[in-house]
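> give me coordinates for this.
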Amino acid sequence: MNKSLKTIQILSKIGRILSKIVFIACIIGAAMCLASIVGLAIGTNDAISIHGKTITQTIADVSDLSIASAYALFCVGLTMCLGEIFTAKFAEKYFTHELEDGTPFTERGAKEMLRLGILTISISLGTSILSSISLAVIKHSFSNVETQGIGSVSAVGLGIVFLIFGVVFRYGAGIKEKEE
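Numbering: from 1, shown residues only. This is a model prediction of the structure:
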């Protein structure tokens with residue numbers, strides 16, 4: 001194995017590990033956001049106290065968020081985490097197959113990289129749209145909702161990079177096939 005291919009394999013191992021970490025972290029994040037939404041909805045936010053302060057008091061102390069803004073924050077967080085769960089799982093699958101093949105220059109690897117690019121772009125845009133819809137519903141239902149901008153530009157850019165790599169890998173697979 002030449003030095004460049006060895007470097008690619010090391011980067012693929014790192015990519016697989018990071019994808020798995022993101023997958024697990026997003027599952028935990030989604031569960032926490034969902035639990036927070038449910039807690040706010042059923043009113044347990046004042047039934048539970050930590051160091052003598054209720055959750056509502058803690059939210060007010062830590063930031064200037066209203067309960068309605070907390071709903072918005074948790075809804076957006078849930079939506080984004082759910083989208084990232086799928087993206088991370090597909091990325092992990094790509095890296096696992098790349099390590100099995102021993103090179104990214106295979107037809108299967110190129111197809112998976114193109115699919116990962118398309119999924120990254122579409123899931124990113126989809127979660128942004130769903131987050132905007134949930135924010136609009138919350139703003140319509142509650143007053144005093146403060147929101148931050150929802151951005152997906154970096155994920156779209158990453159998806160475009162994956163698409164470019166997919167085309168390069170397909171080209172490399174074609175050259176490799178001709179040599180064999």
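
> pull the longest helix from the protein.
Determined from DSSP state H, the single longest helix within the chain is helix 3-42.

> mind listing what's buried in that one?
Within helix 3-42, the residues scored as buried using 16 or more other C-beta atoms under 10 Å are 8-9, 12, 15-16, 19-20, 22-23, 26, 29-30, 33-34, 36-37, 39-40. The way it works is simple: take the backbone N, C-alpha and C, and place the C-beta from them, glycine included.

> and Glu84, how many neighbours?
23 (other C-beta atoms under 10 Å).

> oh, I was asking about Lys93
Number of residues near Lys93 (other C-beta under 10 Å) recorded here: 15.

> wait, doesn't it sit right on Arg115?
No. Look at Lys93 against Arg115 with C-beta atoms under 8 Å: they stay out of range, at 9.5 Å.

> which residues of this structure fall in helices?
For the chain, the helices defined by DSSP H cover 3-42, 55-62, 67-101, 107-141, 153-179.

> tell me which of those is the most buried.
Most buried of the helices of the chain, by mean neighbour count (mean count of other C-beta atoms under 10 Å): helix 67-101, with a mean of 20.

> worst mean pLDDT among the helices of the chain?
Here the lowest mean pLDDT among the helices of the chain goes to helix 55-62, at a mean of 63.

> isn't Ala91 up against Ile17?
No. If you go by C-beta under 8 Å, Ala91 and Ile17 don't touch, sitting 11.0 Å apart.

> centroid residue for the chain?
Glu84 (2.1 Å; C-alpha atoms, centre = their mean).

> so what's it up against?
Counting by C-beta atoms under 8 Å, 6 or more residues apart in numbering, Glu84 touches Val22, Cys26, Ile123.

> my understanding was that the first one contacts Lys89; is that so?
Read that as Val22. No. In this structure, Val22 is not within contact of Lys89 by C-beta under 8 Å, at 9.4 Å.

> lovely, talk soon.
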